[in-house]
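> Let's see this in three dimensions:
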Amino acid sequence: MSTLAPGDVFFDIGSDIGLFAILLAKVVGEQGQVIAFEPESRAHKELEDNVSLNRLTNIRIYQKALGQENSKGRLALIGRACSSLLPSVWEARMATASVRESRREGVVDCSPVIASSTTAWETVDIVEGDWLRESEALPIPRAVKIDVEGYEHFVLRGLKSTLANPACELLCMEIHPGILPEKVNVDDLMDLVRSLGFTDLDVHLRQTEIHMIARKAPSRGLGFAGGQHRGVPST
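As a prediction, the model looks like this:
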């Protein structure tokens with residue numbers, strides 16, 4: 001909120017009910033835009049309701065998940081704000097994990113649900129982010145937020161052209177080390193982010209998740225020194 005200004009564009013990937021989208025739509029104003037992506041039907045409906053409640057006209061909502069290709073996916077509905085497109089991970093934990101084991105592996109918020117409830121599924125559309133932006137003639141965002149419960153790698157790969165554009169200056173991403181897909185680790189994500197031109201990576205532990213704020217060389221006085229990696233180790 002302190003970085004964006006009237007007229008800016010913000011991509012909210014994994015918008016849920018719109019906590020970030022609503023607040024930042026008010027920051028960027030009618031001259032700006034918020035593009036929100038939320039595939040899960042219940043959250044998508046609440047997102048629409050919250051946009052209407054706040055009488056906002058500068059938010060575009062897509063009931064789609066972003067990924068590295070256009071396809072269909074099975075979204076595991078595991079508790080509030082715990083939906084994931086990595087069903088193999090959730091299925092394994094549902095079958096084997098106790099609440100204590102789930103916490104140790106890194107699924108702190110979702111572990112009671114994993115240990116005690118039946119998983120529901122929802123078929124959702126997955127689209128390559130760059131393809132959607134081009135086909136819908138969406139503007140390049142100045143800032144992007146990604147919170148997709150372990151699906152971060154696929155979102156990044158499908159949005160590479162957009163994120164690499166010099167106009168995209170800020171990336172905020174929640175990384176879930178315990179539920180990343182096979183053969184993908186935190187170092188891989190960090191390297192991918194750097195390859196897109198982000199030179200300043202600031203990372204912080206939040207329980208067992210990692211919050212990363214990545215910036216490029218400042219063009220509008222954002223007030224940071226580039227070329228650094230601060231905070232917790234990447235692995």
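
> How many neighbouring residues does residue 6 have?
For residue 6, the count of nearby residues is 10 (other C-beta atoms under 10 Å). Every residue, glycine included, has its C-beta placed from N, CA and C.

> Provide the secondary structure category for it.
What DSSP: H, G, I helix; E, B strand; the rest coil gives for residue 6 is coil.

> What separation do you get for the closest residue to it other than its chain neighbours and residue 43?
Spatial nearest neighbour of residue 6, chain neighbours left out: residue 29 (4.1 Å); criterion: C-beta to C-beta, 6 or more residues apart in numbering. According to C-beta to C-beta, to the nearest Å, residue 29 and residue 43 sit 25 Å apart.

> These two: which has the busier surroundings?
A count of neighbours by other C-beta under 10 Å puts residue 43 above the other of residue 29 and residue 43, at 20 against 14.

> Tell me which helix or strand comes right after the strand of greatest length in the chain.
Longest strand in the chain, counting residues (DSSP state E): strand 120-128. Next along the chain after strand 120-128, taking DSSP states H and E as the criterion, comes helix 129-135.

> Name the surrounding residues that touch the helix or strand following that following helix.
Helices and strands here follow DSSP H and E; after helix 129-135, the next one along the chain is strand 143-146. When contacts are defined by C-beta atoms under 8 Å, 6 or more residues apart in numbering, strand 143-146 is touched by residues 3-4, 8-14, 20, 152, 155-156, 159, 162-163, 168-174.

> Out of those residues, list just those in strands.
Per DSSP E, those map to strands at 9-13, 170-174.

> any idea how the chain splits into domains?
Using automatic domain parsing, the domain ranges for the chain come out as 9-72+124-217, 74-121.

> got a markdown table for the ones you listed, with mean pLDDT too?
As requested, those are exported to a markdown table (pLDDT from 0 to 100):
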| stretch | mean pLDDT |
| --- | --- |
| domain 9-72+124-217 | 94 |
| domain 74-121 | 50 |
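
> Pick the most buried one from the ones you listed.
domain 9-72+124-217 (a mean of 19; mean count of other C-beta atoms under 10 Å).
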